[in-house]
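Undergrad: structure for the following, please:
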Amino acid sequence: MQKYSFNIGLWALAAVVVALSQFGALDLYIQSVIMFIGINIILSSSLNVVNGYMGEFSCGHAGFMCVGAYVSSVLSVLFFAQDKIFGAPLLPPELAPLGFPIIVLFSGLVAAVTGLIVAIPSFKTRGDYLAIITIAANYMVISAIENMASVGGPRGFMGMKRVVNAMTDVVDIPWMMIWVILGTFMSVWMIRRFVSSTYGKGIMSICQDEVAAEIMSVNTNKMKMAAFMLSSGLAGIAGALFAHVLGYVNPQSFNIMKSTECLVMVYLGGMASLGGSVISAIFFTVMLELLRFIIPAIDTALHFVNILPDSYHLSQVWKWVLIPLTLILLMQFRPEGIMGNKELSDLFPRLKKFYKFK
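TA: The predicted model follows:
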């Protein structure tokens, strides 16, 4: 009974957020921050499947996000929006609320297949070698899209706002907030079920000792394929939601810096901790948003006391000084991250009943 009360509480909280967005109590900026928190939760928790639970070292997570973003963007515009390149939509825009979740799931499937292609070389590689393979895959995806004029090439691709507006024309509700909340809940639920399953025990055994796992009849190649496909597929879903929240995608939005953000969130929260991934994604997103206000304030103060010349201004580039500094301090003073490899139920035993699956 308490378990169902807990789930009802989560859904009630989500309903309150949607209602506040609907009636304008939350402005568009706050709404966007909440949606980016949800997207980052999907990214950090999905990467934790490979880097945390399986103990591999993937550094190209943004590449799978890029695949999902572009596949969903092209398909949604092709089916539901008027576009200069594709012309008239293939389907009536009124069907966008029904077709959009299908497109998002399909984009996740395409990203999962891309992850399968990367998983195959991982059968015989680990550590630094796998990191190099995933970084190379990230750059290959970006380079391929930059050379595809049909999707805008290096200029990027837009038109997704027209799809969102088509959904709003059918029913005037905050559609993207709803889709992001559903995607976040679904992703966390899937990962929790996965790591609690036989497959989850298999990838954890690979993390401990791959050779011993093989001796104990664990099909390590099959486990790696499942973990990589789940991780990359959820990253693709995050990319699809990201593209439609912004209404514009550019290949360089998914470069190695974006992959680094995913890594920072994973190691900040704690390896093999789903709760840690959720907490770190919230903390990291809020910290980035605070830097948007803190850096200009520091810039103004330094100019006021004549420490900086008038021609020099601090920029958002400084966030890539502060974020790595945060990671360095974390590695020095708490290398296991916020949660270590523990879950919230380990710290609060009464929560264990909420983690049981029948």
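Undergrad: contacts, neighbours, all on C-alpha from now
TA: Noted.
Undergrad: which residue ranges of the stretch 101-250 of the chain form strands?
TA: Here the stretch 101-250 of the chain has its strands, by DSSP state E, counting those that start in this stretch, at 157-158, 248-249.
Undergrad: any low-confidence regions in the stretch 201-350 of the chain?
TA: For the stretch 201-350 of the chain, residues meeting the criterion pLDDT under 70 lie at 299, 302-304, 306-317, 348-350.
Undergrad: which residue ranges of the stretch 151-300 of the chain form helices?
TA: Shown for the stretch 151-300 of the chain, the helices assigned by DSSP state H, counting those that start in this stretch span residues 160-170, 175-195, 198-208, 210-215, 220-246, 256-269, 274-304.
Undergrad: tell me what the second one is packed against?
TA: Same thing as helix 175-195. On a contact count with 3 or more C-alpha pairs under 8 Å, 6 or more residues apart in numbering; DSSP states H and E, helix 175-195 meets helix 2-22, helix 28-48, helix 160-170, helix 220-246.
Undergrad: swap the cut-off to 7 Å and go again
TA: Applying 3 or more C-alpha pairs under 7 Å, 6 or more residues apart in numbering; DSSP states H and E, one finds that helix 175-195 contacts helix 28-48, helix 220-246.
Undergrad: who are the packing partners of the last one?
TA: It refers to helix 220-246. Helix 220-246 packs on helix 28-48, helix 61-80, helix 96-119, helix 175-195, helix 198-208, going by 3+ C-alpha pairs under 7 Å, 6+ apart.
Undergrad: ok so, going back, and the helices of the stretch 151-300 of the chain as TSV, adding mean neighbour count?
TA: Output for the helices of the stretch 151-300 of the chain, formatted as TSV (neighbours: other C-alpha atoms under 10 Å):
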stretch	mean neighbour count
helix 160-170	19
helix 175-195	19
helix 198-208	20
helix 210-215	14
helix 220-246	26
helix 256-269	24
helix 274-304	18
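Undergrad: and those: which comes nearest Asn147?
TA: helix 256-269 (18.2 Å; C-alpha to C-alpha).
Undergrad: just want the most central residue of this protein.
TA: For the chain, the residue nearest the mean C-alpha position is Leu43 (2.3 Å; C-alpha atoms, centre = their mean).
Undergrad: so that one touches Gly236, yeah?
TA: No - Leu43 lies out of contact with Gly236 (C-alpha atoms under 7 Å); the separation is 9.1 Å.
Undergrad: so what's in contact with these two at the same time?
TA: Shared contacts of Leu43 and Gly236, defined by C-alpha atoms under 7 Å, 6 or more residues apart in numbering, are absent.
Undergrad: wait, what's in contact with Glu336?
TA: Contacts of Glu336 by C-alpha under 7 Å, 6+ apart are Gly270.
Undergrad: if we can go back for a sec, now render the helices and strands packed on helix 175-195 as CSV, adding distance to Met331.
TA: As requested, those are exported to CSV (distance: least, C-alpha to C-alpha, whole Å):
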stretch, distance to Met331
helix 28-48, 17
helix 220-246, 25
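Undergrad: a markdown table for the strands of the stretch 101-250 of the chain, including distance to Leu78 and mean neighbour count?
TA: Below are the strands of the stretch 101-250 of the chain laid out as a markdown table (distance: least, C-alpha to C-alpha, whole Å; neighbours: other C-alpha atoms under 10 Å):
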| stretch | distance to Leu78 | mean neighbour count |
| --- | --- | --- |
| strand 157-158 | 12 | 20 |
| strand 248-249 | 15 | 22 |
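Undergrad: could you dump those to a markdown table with distance to Val211?
TA: Converted to a markdown table, these look like this (distance: least, C-alpha to C-alpha, whole Å):
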| stretch | distance to Val211 |
| --- | --- |
| strand 157-158 | 46 |
| strand 248-249 | 42 |
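Undergrad: nearest approach to Gly202 belongs to which of these?
TA: Smallest distance to Gly202 across the strands of the stretch 101-250 of the chain (C-alpha to C-alpha): 36.6 Å, for strand 248-249.
Undergrad: please give me every residue in contact with the residue lying closest to Ser122 once chain neighbours are set aside.
TA: Spatial nearest neighbour of Ser122, chain neighbours left out: Leu130 (6.2 Å); criterion: C-alpha to C-alpha, 6 or more residues apart in numbering. Leu130 makes contact with 57-58, 122 under the criterion C-alpha under 7 Å, 6+ apart.
Undergrad: what's the answer for Asp172, then?
TA: No contacts exist for Asp172 under C-alpha under 7 Å, 6+ apart.
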